[in-house]
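Asks: structure of the sequence below:
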Amino acid sequence: MGIWFIVPAVVAAFCAVILGLLLRAVGGRKSRKRAVGFFHPYTNDGGGGERVLWCAVRAIQEEIPDLDCLVYTGDHDATPQSLAARAVDRFGVTLLSPVKVVHLYKRKWIEETTYPHFTMIGQSLGSMYLAWEALCKFTPLYYFDTSGYAFTYPLARLFGCKVICYTHYPTISTDMLSRVSQRRLMYNNDASIAKSVWLSRCKLIYYTFFSWLYGIVGSYTHLAMVNSSWTKSHIEKLWGVSPCIKRVYPPCDTSGLQVLPLKRPAEIPVIISVAQFRPEKAHGLQLEAFSVAVKRLDSSLPKPRLQFVGSCRNKSDEERLQMLKDKAIELNVNEQVKFHKNVTYRDLVGLLGAAVAGIHSMTDEHFGISVVEYMAAGAIPIAHNSAGPKMDIVLDEDGEQTGFLACTVEEYADAILRVIGMPETERLTMAAAARRRATRFSEQRFYDDFKDAVRPILSHRSR
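Replies: Residues are numbered from 1 along each chain as shown. This next block holds a predicted model:
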């Protein structure tokens, strides 16, 4: 019953926000500045999205040097100098000049903890409020969303901006609707809902309504760049703006990692996992698979080590990291598992260069930058058998296998044991094929495709 009251209330709130901001936005059209404003509220998340941000800034600076670049950020200690230094230290990206910074103070309205229920719609409406703060402080000619806040696009259009986005992951997808309909348990569909027919139906109505809204706001973009074949197919279905959608693979540090030797220390095989400590990354599955593999390991083979490398965005991520440490103790593998939090780019390269394999376990990972990094570094990927890794990355190269795909704990354990037990010549052959395939997703390829995509939009800029 409750959802029937919530739906009209959400519609009313959505309309009220649009109407309430319209007058202010029309005024903002007159004061647009010749700049590209990157809407990226979390400039310290350390993930693939942040790498795209800095590479996108660099690409714009190369393409049109006299066009100012600024970043809207909720990180209050961020400065032009600190962000430029972070781009180099964490991602190896050197900006041609520091970006301007616009600080946002309403970021709590996009925090998932602010909305215990109806999180997606709450965060989406909250993003509009945050974008309103951003655009009132500085109204650019070009509004560039690099974080997936599609509900901000109509607002940016009202302010007179050209809207460009780089979409890593659709906020909602037909896969999510399918999981709720089938009552499958997952991080975004907890047991209390999955076990209840009534609650599942209510959630399905909510998701269907939200996907309709998402399709409307997404259609307000002038250019939508997407990071994979999987994301492209979903965005085309949801937004219905196929001519405006361009697939631009994300920038992966293939050149910097390809100089690493393919040979690895034989004494202790190292398996690396690079991902933010977020629930969808399914680190727990990796620990369980590693534990199973260790128990099944032939006594003649050396015991492997598992190294987690990731960043924490907030308190929830910190708590999740501690739970993983506790789980490692529970599984009795804590002496073979090590956690590295918020490492520098240089340290990450060193860790990748020592790994024989890289593990990834997110279901429907939109692309999988870490998987490409494994391959470029010479670590054989063991990735989830879905979306980006399945459709774009872990495919044969010149008829040779480049890695393994898995879904269950047993399948991951089998793949771990396969890599550890490989003869050195076989491992080197597979690692070399994986490295060749990784060149398809290089940073230079991103720059070329990105510039080709944005050039028609930027070439019509106001003077």
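Asks: let's verify the residue of the chain positioned farthest from its centre: helix, strand, or coil?
Replies: Within the chain, Ser300 marks the point farthest from the mean C-alpha position, 39.5 Å out by Cα atoms, centre = their mean. For Ser300, the assignment made with DSSP: H, G, I helix; E, B strand; the rest coil gives coil.
Asks: try Val163
Replies: Secondary structure, three-state DSSP: Val163 is strand.
Asks: look up how far Phe151 lies from it.
Replies: Computed as Cβ to Cβ, to the nearest Å, the Val163 to Phe151 distance reads 12 Å. Yep, even glycine has a C-beta here, placed from its N, CA and C like the rest.
Asks: per-residue pLDDT, Ala9?
Replies: With respect to pLDDT, Ala9 has a value of 46.
Asks: check Ala25 too.
Replies: Predicted confidence (pLDDT) for Ala25: 49.
Asks: ok, and what's touching stretch 225-242?
Replies: 52, 164-170, 172-175, 211, 214-215, 218-219, 221, 224, 245-250, 364, 366-367, 387-388, 391-392, 450, 453 (Cβ atoms under 8 Å, 6 or more residues apart in numbering).
Asks: okay, now the unreliable bits of this structure?
Replies: Residues of the chain meeting the criterion pLDDT under 70: 1-31, 178-197, 460-463.
Asks: about what we covered before: mind checking which of Val163 and Phe151 has more residues around it?
Replies: Phe151 (26 against 23; other Cβ atoms under 10 Å).
Asks: quick one: the closest residue to Lys281 other than its chain neighbours and Gly47, what's the gap?
Replies: Computed as Cβ to Cβ, 6 or more residues apart in numbering, the closest residue to Lys281 that is not its neighbour in sequence is Ala275, at 4.2 Å. Computed as Cβ to Cβ, the Ala275 to Gly47 distance reads 8 Å.
Asks: of those two, who's got more company?
Replies: Taking other Cβ under 10 Å, Ala275 and Gly47 do not tie; Ala275 has more neighbours (24 against 19).
Asks: circling back to that earlier point, hang on, the residue nearest to Lys281 packs against Gly368?
Replies: No: contact status for Ala275 versus Gly368: not in contact, 9.6 Å apart, counting by Cβ atoms under 8 Å.
Asks: where do the contact lists of those two overlap?
Replies: Listed contacts common to Ala275 and Gly368 are 360, 362; contacts here mean Cβ under 8 Å, 6+ apart.
Asks: neighbours of Tyr447, just the number please.
Replies: Neighbours of Tyr447 (other Cβ under 10 Å): 18.
Asks: next one: the closest residue to it other than its chain neighbours from Leu352, what distance?
Replies: Nearest residue to Tyr447, sequence neighbours excluded (Cβ to Cβ, 6+ apart): Ala59, at 5.2 Å. For Ala59, the distance to Leu352 equals 25 Å [Cβ to Cβ].
Asks: and the two? Which one has more around it.
Replies: Set Ala59 next to Leu352 and count neighbours by other Cβ under 10 Å: Leu352 wins out with 24 against 19.
Asks: list the residues that contact that one.
Replies: By Cβ under 8 Å, 6+ apart, the contact set of Leu352 is 257, 260, 272, 274, 358, 373-374, 377, 379.
Asks: got it, and Phe151?
Replies: When contacts are counted by Cβ under 8 Å, 6+ apart, Phe151 touches 124-125, 127-128, 213-214, 217.
Asks: now, which of those residues sits nearest Asp77?
Replies: Of all the contacts of Phe151, Ser127 has the smallest distance to Asp77: 22.0 Å, by Cβ to Cβ.
Asks: which non-adjacent residue is nearest the closest one?
Replies: Counting by Cβ to Cβ, 6+ apart, Ser127 lies nearest to Tyr149, which is 3.9 Å off, once chain neighbours are set aside.
Asks: the one you found: neighbour count?
Replies: Tyr149: 23 surrounding residues under other Cβ under 10 Å.
Asks: what's the spacing between it and Pro250?
Replies: Counting by Cβ to Cβ, the gap from Tyr149 to Pro250 is 18 Å.
Asks: now Ala266
Replies: Separation of Ala266 from Pro250 (Cβ to Cβ): 33 Å.
Asks: neighbour count winner among these two?
Replies: Each of Ala266 and Pro250 had its neighbours counted (other Cβ under 10 Å), and the higher figure belongs to Pro250 (26 against 9).
Asks: in this structure, which spans are strands?
Replies: Using DSSP state E, the strands of the chain run over 33-39, 68-73, 100-103, 140-145, 162-167, 223-226, 245-247, 270-274, 305-310, 337-341, 357-359, 380-384, 404-406.
Asks: okay, those strands in TSV with distance to Arg436 next?
Replies: Listed next are the strands of the chain as TSV, based on distance: least, Cβ to Cβ, whole Å:
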stretch	distance to Arg436
strand 33-39	33
strand 68-73	34
strand 100-103	40
strand 140-145	33
strand 162-167	26
strand 223-226	25
strand 245-247	21
strand 270-274	20
strand 305-310	24
strand 337-341	28
strand 357-359	16
strand 380-384	13
strand 404-406	17
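Asks: of the ones you listed, which is nearest Arg445?
Replies: Of all these, strand 245-247 comes closest under Cβ to Cβ, at 11.5 Å.
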